[in-house]
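> coords below, sequence missing:
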């Protein structure tokens with residue numbers, strides 16, 4: 001095991017006094033210094049089903065909002081459904097449990113996520129509207145709310161054309177790559193409806209929901225594009241993986257470019273926030289944001305030493321998530337970090353002196369653990385992805401032990417129990 005990891009961590013790592021939200025933030029102040037000049041901070045995760053990651057992100061979000069002036073949480077969740085959750089966070093409209101359950105992925109249907117949303121609402125309650133924190137989804141898929149919003153707008157403004165939206169009903173449930181079509185007939189239909197909405201939005205008076213309907217129509221176009229693209233990672237820029245990360249990066253870019261004062265916290269898997277590529281050389285969300293914003297983009301990966309996490313087994317999207325366990329192991333970067341420094345900590349990889357000579361391990365190839373919403377039934381312990389720490393991330397937060405996130409009771413597709 002390279003001694004330079006332990007030496008470097010001993011000098012640069014900052015212990016986390018706790019993972020519990022609401023605690024004093026003195027231990028996070030060095031992170032604030034590292035983030036000076038950034039507009040976008042991406043918080044990654046090596047699993048979607050680790051309670052400690054939710055709790056640490058909650059704590060980091062509180063710090064970034066209160067101490068560092070961040071204005072928006074942009075999450076790897078349905079753009080469509082996030083509109084309603086944003087209305088709760090900013091105005092108190094609706095039930096947080098129901099709205100979280102409708103975000104489109106089992107991974108966010110957790111008690112920990114509800115706690116975060118309720119904190120955002122509590123923080124916003126006493127603030128003037130222009131200072132309230134926003135909640136934004138970045139993923140175009142799963143668009144039931146957008147289909148409904150566009151249909152409702154056309155029923156008010158062009159009732160003879162409102163029925164045309166039914167051709168897009170499939171976008172409420174269809175997953176990216178599930179309806180591959182080189183001719184993209186579904187996307188062309190979505191584009192036609194978007195033009196129709198734009199035409200009638202221009203004629204509508206204020207307060208008629210035109211701007212929101214137009215945004216929902218544009219989400220449907222992006223969703224139809226994803227649904228009809230080839231699923232194989234080998235499809236490169238034409239495939240689902242590259243298009244999805246491109247759309248998520250564009251969603252973040254719109255937040256930053258439309259408001260000079262915006263500072264955005266991005267929540268996504270480590271694979272998405274990385275500054276390079278993942279899978280079969282697919283450009284990650286983070287690589288696109290890094291190219292566009294340079295050092296104003298900061299990628300903080302979250303890793304863990306050992307423990308348990310939730311994930312679905314196999315490729316069955318209907319199967320409930322199950323508990324998976326993994327030990328420290330010997331081969332991963334996480335194993336080396338565990339043995340190099342005990343406990344929970346974070347480290348700024350941009351730290352002064354982190355050159356190849358000063359810290360060879362930061363510029364050497366490693367394997368990092370990587371678990372998505374679904375994992376292989378028996379071989380999940382072998383799931384790793386290549387990385388070069390200083391090239392892929394700007395910082396690492398390390399949690400010694402992972403436990404399973406706490407799922408909310410099952411609901412239907414309308415968020416009802």
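That came through fine. No experiment lies behind these values; they were computed from the predicted model shown. Residues are numbered from 1 along each chain as shown.
> State the number of residues packed around residue 10.
Using other C-beta atoms under 10 Å, residue 10 has 10 neighbouring residues. Every C-beta, even on glycine, is put in place using the N, C-alpha and C of the backbone.
> So it, which state does it fall into?
At residue 10 the chain is in helix, as set by DSSP: H, G, I helix; E, B strand; the rest coil.
> Contacts only, for it.
Residues near residue 10 by C-beta atoms under 8 Å, 6 or more residues apart in numbering: residue 341.
> Phi, psi for residue 102 please.
Per-residue torsions, residue 102: phi -90, psi 10 (degrees, to the nearest 10).
> same deal with residue 336?
Dihedral angles for residue 336 - degrees, to the nearest 10 - are phi -70, psi -40.
> again with the one 3 residues further on
Dihedral pair for residue 339: phi -80, psi -20, per degrees, to the nearest 10.
> For it, the count of nearby residues, please.
Neighbours around residue 339, by other C-beta under 10 Å: 14.
> Quickly find the element holding residue 18.
Following DSSP states H and E, one finds residue 18 outside all helices and strands.
> Identify the residue spatially nearest to it, adjacent ones excluded.
Nearest residue to residue 18, sequence neighbours excluded (C-beta to C-beta, 6 or more residues apart in numbering): residue 59, at 7.6 Å.
> next one: residue 39
Closest to residue 39 by C-beta to C-beta, 6+ apart is residue 296, at 4.4 Å.
> and that neighbour, what does it touch?
Residue 296 touches 37-40, counting by C-beta under 8 Å, 6+ apart.
> pretty sure residue 314 is in contact with residue 373, am I right?
No: with contact defined as C-beta atoms under 8 Å, residue 314 does not count as touching residue 373 (11.6 Å).
> Looking at those two, which is more packed in?
Counted by other C-beta under 10 Å, residue 314 and residue 373 do not tie: residue 373 has more neighbours, with 16 against 11.
> Check the gap between the more buried one and residue 79 for me.
18 Å (C-beta to C-beta, to the nearest Å).
> now swap in residue 92 and tell me
On the measure of C-beta to C-beta, residue 92 and residue 79 end up 22 Å apart.
> Tell me which of these two has more neighbours.
residue 79 (28 against 11).
> Not counting its neighbours along the chain, what's nearest the more buried one?
According to C-beta to C-beta, 6+ apart, the nearest residue to residue 79 is residue 137 (4.2 Å).
> Tell me which residues touch the one you found, please.
Counted by C-beta under 8 Å, 6+ apart, residue 137 has contacts 74-75, 77-83, 85, 103-104, 251.
> can you do 10 Å?
73-83, 85-86, 103-104, 108, 219, 248, 251 (C-beta atoms under 10 Å, 6 or more residues apart in numbering).
> Ok, residue 105 next?
48, 75-78, 81, 139, 141-142, 373.
> thinking again about what came up before, out of the contacts of residue 296, grab the one that's most surrounded.
That'd be residue 40 among these, by other C-beta under 10 Å, with 28 neighbours.
> Torsion angles phi and psi at that residue?
According to degrees, to the nearest 10, residue 40 has phi -130, psi 120.
> Okay, strands next: where are they in this protein?
Under the criterion DSSP state E, the chain contains strands at 14-15, 40-43, 72-78, 134-139, 264-267, 277-278, 282-283, 297-313, 322-326, 345-348, 366-369, 374-375, 384-387, 395-402.
> Buried deepest among those, which one?
Stretch with highest mean neighbour count among these: strand 40-43 (a mean of 27; mean count of other C-beta atoms under 10 Å).
> could you dump the strands of the chain to a markdown table with distance to residue 165 and mean pLDDT?
Compiled in a markdown table, the strands of the chain are given as follows (distance: least, C-beta to C-beta, whole Å; pLDDT from 0 to 100):
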| stretch | distance to residue 165 | mean pLDDT |
| --- | --- | --- |
| strand 14-15 | 52 | 98 |
| strand 40-43 | 34 | 98 |
| strand 72-78 | 18 | 98 |
| strand 134-139 | 20 | 98 |
| strand 264-267 | 30 | 98 |
| strand 277-278 | 35 | 83 |
| strand 282-283 | 32 | 88 |
| strand 297-313 | 32 | 97 |
| strand 322-326 | 38 | 96 |
| strand 345-348 | 47 | 97 |
| strand 366-369 | 43 | 95 |
| strand 374-375 | 31 | 93 |
| strand 384-387 | 40 | 92 |
| strand 395-402 | 43 | 98 |
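> Residue 232 is nearest to which of the ones you listed?
strand 282-283 (11.0 Å; C-beta to C-beta).
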